[in-house]
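Q: generate coordinates for the sequence data below:
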Amino acid sequence: MSAPTSTAALAAKNSRPIRLHQPLRFWLTVLQALLTCLLCAFLIVPMVMSILAGLTVNYFRGLSSGLTLHWIETVLTTYGDSVLASLYVAAATLAIVLLTGVPAGYALARSQTRLARLIEEMLVLPIALPGLASALAILAIYGGFRGFRNSLWFIVVGHVVFTLPFMVRSVAAICASIDLRTLEEGAASLGASFRQRCFTIVLPNAWPGVLAGALTVVTLSLGEFNLTWMLHTPDTKTLPVGLADAYASMRIEIGSAYTIIFFAITMPLLIAMQLLGARSRTPTGPGNSTTAQEHAP
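A: Here you go, the predicted model:
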């Protein structure tokens with residue numbers, strides 16, 4: 001009996017968590033905090049300097065030259081069309097992606113065939129390819145249509161190609177995670193029509209994925225540069241292209257003012273995405289889900 005007992009005692013001893021000495025644990029915590037602060041400074045300091053450059057009278061003299069909103073007013077007055085163009089392109093892209101991506105994500109989540117998996121993988125190709133390659137393909141196919149080529153809709157096409165996979169994946173993931181197929185079959189067995197199932201079961205349950213995808217699409221569309229730079233014309237310049245031109249050929253204060261406007265537009269969207277992600281990770285009880293019995297006729 002002594003051999004099994006000693007073996008069990010040895011196994012229990014080996015399974016105990018390794019406890020670090022208090023001084024070593026303290027210095028590891030300090031090192032982690034230091035590395036985190038250095039990484040945050042590496043990411044945040046350039047953005048802060050760029051914002052300050054757009055608010056100072058003279059960047060090279062620094063804050064001693066005084067603060068001003070003149071450069072922001074100059075950008076809005078002279079280059080406000082690029083800001084409006086970006087918002088227009090983002091809104092049009094979102095509308096098209098919602099109309100096409102939500103049904104596609106729902107259909108791919110319900111289908112269990114290999115064809116559906118193949119289509120899902122093919123949708124990711126625009127993300128895997130460089131934006132310049134996608135832009136060249138669009139130019140080769142549709143560049144001959146002059147009226148279309150010189151309009152903002154030409155850029156919208158490129159943005160739809162680039163952002164559609166994000167909406168499809170977001171909706172497909174949420175639909176697969178809550179097993180909408182089972183809920184629909186239960187509602188259908190209780191007499192619910194397709195329209196009733198769509199508006200009372202599918203959309204309410206898939207709404208977090210749709211909202212997350214929509215925020216992602218708008219954020220990516222507003223900030224997309226590579227593809228837009230290839231597709232734009234002097235009359236269809238968007239905010240990222242104008243930002244690059246301002247940094248390349250104008251005063252750095254104007255380019256930094258462009259950056260401030262870009263931050264003002266995109267930061268609320270990024271914060272909303274973080275809040276939505278935190279909310280989606282919050283565990284919910286059985287009473288918070290939309291069931292077939294609740295919406296059956």
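
Q: what residues are up against Trp229?
A: Residues near Trp229 by C-beta atoms under 8 Å, 6 or more residues apart in numbering: 135, 240-241, 244. Every C-beta, even on glycine, is put in place using the N, C-alpha and C of the backbone.

Q: just the C-alphas of the host helix or strand of it, formatted as PDB.
A: Using DSSP states H and E, the element containing Trp229 is helix 226-231. The C-alpha coordinates for helix 226-231 follow below in PDB (Å, rounded to 0.1, in the frame of the first residue of the first chain):
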ATOM      1  CA  ASN A 226      -4.200  52.100 -51.200                       C
ATOM      2  CA  LEU A 227      -7.300  51.100 -53.200                       C
ATOM      3  CA  THR A 228      -8.700  54.600 -53.200                       C
ATOM      4  CA  TRP A 229      -5.500  56.200 -54.300                       C
ATOM      5  CA  MET A 230      -5.500  54.000 -57.500                       C
ATOM      6  CA  LEU A 231      -9.200  54.600 -58.200                       C
END
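
Q: for that helix, what is the distance to the chain centroid?
A: The chain centre lies 19 Å from the centre of helix 226-231; the measure is C-alpha atoms, centre = their mean, to the nearest Å.

Q: burial count for Ala91?
A: Other residues within reach of Ala91 by the criterion other C-beta atoms under 10 Å amount to 13.

Q: the host helix or strand of it packs against which elements?
A: Taking DSSP H and E as the definition, Ala91 sits inside helix 80-110. In terms of contact count using 3 or more C-beta pairs under 8 Å, 6 or more residues apart in numbering; DSSP states H and E, helix 80-110 is assigned the packing partners helix 114-122, helix 152-177, helix 180-189, helix 203-223, helix 239-249, helix 252-280.

Q: compare the contacts of Trp229 and tell me which has the most neighbours.
A: Of all these, the highest neighbour tally under other C-beta under 10 Å goes to Ala135, namely 23 neighbours.

Q: and the nearest residue to that residue once chain neighbours are set aside, how far from Leu269?
A: If you skip the residues right next to it in sequence, Ala135 has Met230 as its closest partner in space, 3.4 Å away by C-beta to C-beta, 6 or more residues apart in numbering. Per C-beta to C-beta, to the nearest Å, Met230 is found 24 Å from Leu269.

Q: and for Leu87?
A: For Leu87 relative to Leu269 (C-beta to C-beta), the value is 12 Å.

Q: which ones are touching the residue nearest in space to the middle of the chain?
A: For the chain, the residue whose C-alpha lies nearest the mean C-alpha position (C-alpha atoms, centre = their mean) is Thr216; its distance is 2.9 Å. Shown here is Thr216, whose contacts under the criterion C-beta under 8 Å, 6+ apart are 163, 166-167, 170, 273.

Q: okay if I get those residues as JSON lines plus neighbour count, pLDDT and distance to Gln112?
A: Conversion of the contacts of Thr216 to JSON lines gives the following (neighbours: other C-beta atoms under 10 Å; pLDDT from 0 to 100; distance: C-beta to C-beta, whole Å):
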{"residue": "Thr163", "neighbour count": "27", "pLDDT": "92", "distance to Gln112": "26"}
{"residue": "Phe166", "neighbour count": "22", "pLDDT": "91", "distance to Gln112": "23"}
{"residue": "Met167", "neighbour count": "27", "pLDDT": "91", "distance to Gln112": "21"}
{"residue": "Ser170", "neighbour count": "24", "pLDDT": "89", "distance to Gln112": "20"}
{"residue": "Met273", "neighbour count": "17", "pLDDT": "72", "distance to Gln112": "30"}
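
Q: flag the shaky bits of the stretch 1-150 of the chain, pLDDT-wise.
A: Counting by pLDDT under 70, the stretch 1-150 of the chain shows low-confidence ranges at 1-21.

Q: three-state assignment of Gly144?
A: Of the three states, Gly144 takes coil under DSSP: H, G, I helix; E, B strand; the rest coil.

Q: phi, psi for it please.
A: Per-residue torsions, Gly144: phi -80, psi -20 (degrees, to the nearest 10).

Q: for Ile138, see how far away it is.
A: Here the criterion is C-beta to C-beta. By it, Gly144 lies 12 Å from Ile138.
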